[in-house]
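Participant: Quick one: sequence and predicted model below, then my questions.
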Amino acid sequence: MSKCRWRVVVAEDDKCLRKAEVAALAEKGFTVISTKDGEEALRVIQEEIPDLVLLDLLMPGRLGFAVLKEMKQNPKIASIPVIVLTNLAESDWKVVRELGATDYWVKADLTLEDLVTRVEKTLAGAGSPV
Amino acid sequence: MSETASVLKGSAHPNVPRQPELPGQRQGADSIGRGRVLRVLYVEDDPRDAELCLGQLKAAGYEVRAGVVSSREKFAAALRSGGYDIVLADCKMPGWSGAEALKILQREQAETPFVVVTGAVGDEVAAELIKQGAADYILKDRPARLPSAIERALQEKAVRDERRRAEDTLKASETRYRRLFETAQDGILLLTEAGFITDANPFLLEMLGRSRSEIVGKSLCEIGFVADQEFCQKAFRTLRQGEDAHYDSLPLRTRSGTRLEVEFISKAYQAGEEKVIQCHLRDVSERKRVEEELKLTLRMREDFVNFAMHQLRTPLAGIKWLLELVARRQDLPAEPREFIQDAHSAAQRLIDMVNDLLSIGRLESGKLKVDLQEGSLGELTENVLEEIRHEIAQRGHQVSVTGADEVPAVWMDRQLLRQVIGNLVSNAVKYTDPGGRIHIEMKPQDGFVSWSIKDNGIGIPEEARPRMFEKFFRADNVHRLDTEGTGLGLCLARLIVERCGGKLCFESEEGQGSTFTVTLLQDSGGEVKEVDRVPVGAEQRSGASNLL
């Protein structure tokens, strides 16, 4: 499997987290498009149609909740798997699951290695890149 | 009336001789006037004729105030000064005519009745005058008919006035409501009872991006702007049944395909013969979107502990991840590698502390819902021991477990209780010198199950015992061992156990060891019930919530 063909959008407003996510995914050969704003994230997702989205919940522009909801309402991007990454309490999992997120993780409780593994597993389940 | 040629005031001139009365006339005529003031403008060149006629009116019971004019100019001037109830006019005057007077009157104040009083007139002339708008005509030689003619003219005028007033009111009302319809900042749609659109206001047309002619005459479903057809048909049935409808949010599709959320209110009412269904549509798309985001943000901000934790965990996770990235580098010399690993574990410890504080805060505020289900303490213990097997082996402890298979299931929140067992086992491992003995015992006790862990570790000094469940408290003797702790573990453990309806207590002797015991309610095999919660002590409530 040539991983370099997978394209991932990282939507994260925190600089350190964004850098770390981008670096860890790039190390594994992913093409990463990053954004720090919810509104921009939605635009980038529509333009790029990535294979997966790593989505923060609290972002300027639009909240991750809203980005997720709009994605699910737009048939062009509704099927893209979304892994929600947040530092909010676990109880929000219920909300994002209802909104259609594929997975949900608390960043502070996750290692970068775990994160990359989750991304790979999710993509393996989603099939080959187009 | 000052410019009139002469003024006759009935009541002010008692000496004016009464005109001869016809027999039987007085009674009826008197009842016509009933003492009312009648302001008459009389166009007449012969003052005697004028007096004769006015005399008739007085005799009929009117209080006559009359102005008599003979010229065109004086007539016009008198009209302009106003205030006449009726105009009486001869047909022919020197130089002008009654027909001309009628024209002037109609120009100046058309609503005042005009009665022709003439010596002799041909039928055609009379008919022509009536056609022009005269109320009636009276022959001078039959003046007795005058009062009733005047009365009828006045009544007709009153009816006309009333009708005009009603028409004016209606017109004003129509204008007002039309303006409301045209300028309303809400969409308004009018439907027939059968559901066909009869009108839509400009705001709605703009909202939908459609022209009036495109939708008038069509049915609601036919034009397809309600995005959800099934819903549309259901809503429409409600409308047809003449019931009022109110939808907070109805999806609409504009001509360009944009989806709008509208609040939809309809009322059916009877307008004359027809039933009208009036619908109001307010675009709430933007409001809904903002509301939703605001609600989420507010919910998170309200949950202050949660929000504060987010703010703390985010930079901590950033530090942890970046250190993880650096630690992976192969070219790192041994010393910096060790520093980075220490920094990484410090970040991890901070995260653990924040997580504990988060749990405590949420437990204390009641934001964290405890999910009580029946569960096995033996299984939980086994899992925890497996998890820290490495640590136990490293310190060379001997761990024994008894009673795991004999105890019944208990009520617990599995995830939370795992934290409790994990914490108590980890404490026993940490605060016991290498090669220690740790014994875990489970046994049933009158509807309860107790789980206890006994070690032969450093124990708890007497003065520290009352403070063991305080936040951040650590007994002095822990520093003898090179262990790290947050001072939050026991506080959290007790909160969790109490929330599961149980109790956490301990016995200890410094230098001898400690025994911590968790007591939980036994599962009686019945349905899931709400366990009475042991109230959290006041001293436990303070700390974390104030701190955060």
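Facilitator: Now that the structure is in, tell me what you want to look at.
Participant: Give me the neighbour count for the closest residue to B:Val326 other than its chain neighbours.
Facilitator: Residue nearest to B:Val326 in three dimensions, not counting chain neighbours: B:Ile340, with 5.5 Å by C-beta to C-beta, 6 or more residues apart in numbering or on different chains. For the C-beta atoms, the positions are set from N, CA and C on the backbone; glycine is no exception. Other residues lying near B:Ile340 total 19 when counted by other C-beta atoms under 10 Å in any protein chain shown.
Participant: Pick out the residue of chain A closest to chain B.
Facilitator: The nearest approach of chain A to chain B comes at A:Cys16, 2.8 Å away (C-beta to the nearest C-beta).
Participant: now the residue nearest to B:Val326, what's its secondary structure?
Facilitator: Taking DSSP: H, G, I helix; E, B strand; the rest coil as the rule, one finds B:Ile340 in the helix state.
Participant: For it, give me its contacts.
Facilitator: Contacts for B:Ile340 (C-beta atoms under 8 Å, 6 or more residues apart in numbering or on different chains) come out as B:323, B:326-327, B:332.
Participant: A:Trp6 now?
Facilitator: Contacts of A:Trp6 (C-beta under 8 Å, 6+ apart): A:29-31, A:51-52, A:123, A:129.
Participant: Filter those down to the buried ones.
Facilitator: Buried members of the contacts of A:Trp6, counted by 16 or more other C-beta atoms under 10 Å in any protein chain shown: A:30-31, A:51-52, A:123, A:129.
Participant: want to throw those residues into JSON lines with distance to B:Ala76 and secondary structure?
Facilitator: Output for these, formatted as JSON lines (distance: C-beta to C-beta, whole Å; DSSP: H, G, I helix; E, B strand; the rest coil):
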{"residue": "A:Phe30", "distance to B:Ala76": "100", "secondary structure": "coil"}
{"residue": "A:Thr31", "distance to B:Ala76": "97", "secondary structure": "strand"}
{"residue": "A:Asp51", "distance to B:Ala76": "95", "secondary structure": "coil"}
{"residue": "A:Leu52", "distance to B:Ala76": "95", "secondary structure": "strand"}
{"residue": "A:Leu123", "distance to B:Ala76": "100", "secondary structure": "helix"}
{"residue": "A:Pro129", "distance to B:Ala76": "98", "secondary structure": "coil"}
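Participant: confidence score at B:Leu350?
Facilitator: Looking at B:Leu350, its pLDDT stands at 90.
Participant: got it, and the one 5 residues further on?
Facilitator: The predicted local confidence for B:Asn355 comes out at a pLDDT of 86.
Participant: what do you get for B:Phe339?
Facilitator: pLDDT recorded at B:Phe339 is 93.
Participant: With A:Ala20 instead?
Facilitator: pLDDT for A:Ala20: 95.
Participant: Can I take it that it is in a helix?
Facilitator: Yes: counting by three-state DSSP, one finds A:Ala20 located in a helix.
Participant: Give me the neighbour count for B:Gly447.
Facilitator: 9.
Participant: Tell me which other helices or strands the helix-or-strand element of chain A with minimal mean pLDDT touches.
Facilitator: Of the helices and strands making up chain A, the lowest-confidence element is helix A:93-99, at a mean of 82, by mean pLDDT, DSSP states H and E. Where contact means 3 or more C-beta pairs under 8 Å, 6 or more residues apart in numbering or on different chains; DSSP states H and E, helix A:93-99 is packed against helix A:64-73, strand A:103-106.
Participant: from the buried ones among the contacts of A:Trp6, which has minimum pLDDT?
Facilitator: Lowest confidence among the buried ones among the contacts of A:Trp6: A:Pro129, with 51.
Participant: and the residue lying closest to B:Lys443 once chain neighbours are set aside, backbone torsions?
Facilitator: Computed as C-beta to C-beta, 6+ apart, the closest residue to B:Lys443 that is not its neighbour in sequence is B:Gly403, at 5.0 Å. The phi and psi values for B:Gly403, taken as degrees, to the nearest 10, are phi 80, psi 0.
Participant: right, and B:Gly403 touches B:Gln445 too?
Facilitator: No: with contact defined as C-beta atoms under 8 Å, B:Gly403 does not count as touching B:Gln445 (11.1 Å).
Participant: about what we covered before: and the furthest pair within the contacts of A:Trp6?
Facilitator: A:Gly29 and A:Leu52 (13.9 Å; C-beta to C-beta).
Participant: need the longest helix for chain B.
Facilitator: Secondary structure of chain B read by DSSP state H shows that its longest helix is helix B:146-183.
Participant: Would you pull up how far that helix lies from the middle of the chain?
Facilitator: Remark: helix B:146-183 is offset 41 Å from the chain centroid, using C-alpha atoms, centre = their mean, to the nearest Å.
Participant: what does the very next helix or strand once past that helix rub up against?
Facilitator: Counting by DSSP states H and E, the next helix or strand C-terminal to helix B:146-183 is strand B:187-192. Applying C-beta under 8 Å, 6+ apart, the contact partners of strand B:187-192 are B:181, B:197-201, B:203-204, B:207-208, B:220, B:239, B:262, B:274-283.
Participant: Any regions of the chain where pLDDT drops low?
Facilitator: Let's take chain A. Within chain A, the segments meeting pLDDT under 70 span A:1-4, A:89-92, A:126-130.
Participant: Correction: the question concerned chain B.
Facilitator: For chain B, the stretches with pLDDT under 70 are B:1-31, B:121, B:223-229, B:232, B:240, B:242, B:299-303, B:482, B:524-548.
Participant: Grab the longest strand from it for me.
Facilitator: Counting by DSSP state E, the longest strand found in chain B is strand B:259-271.
Participant: C-alpha coordinates for the next helix or strand after that one, CSV please?
Facilitator: Later in the chain than strand B:259-271, the nearest helix or strand by DSSP H and E is strand B:274-283. Extracted C-alpha coordinates of strand B:274-283, given in CSV (Å, rounded to 0.1, in the frame of the first residue of the first chain):
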residue,chain,number,x,y,z
GLU,B,274,-64.2,32.4,0.9
LYS,B,275,-61.9,30.7,3.3
VAL,B,276,-58.4,32.0,3.3
ILE,B,277,-55.3,30.3,4.6
GLN,B,278,-52.7,32.8,5.6
CYS,B,279,-49.2,31.6,6.1
HIS,B,280,-46.2,33.5,7.6
LEU,B,281,-42.7,32.3,6.8
ARG,B,282,-39.7,33.7,8.6
ASP,B,283,-36.2,32.8,7.5
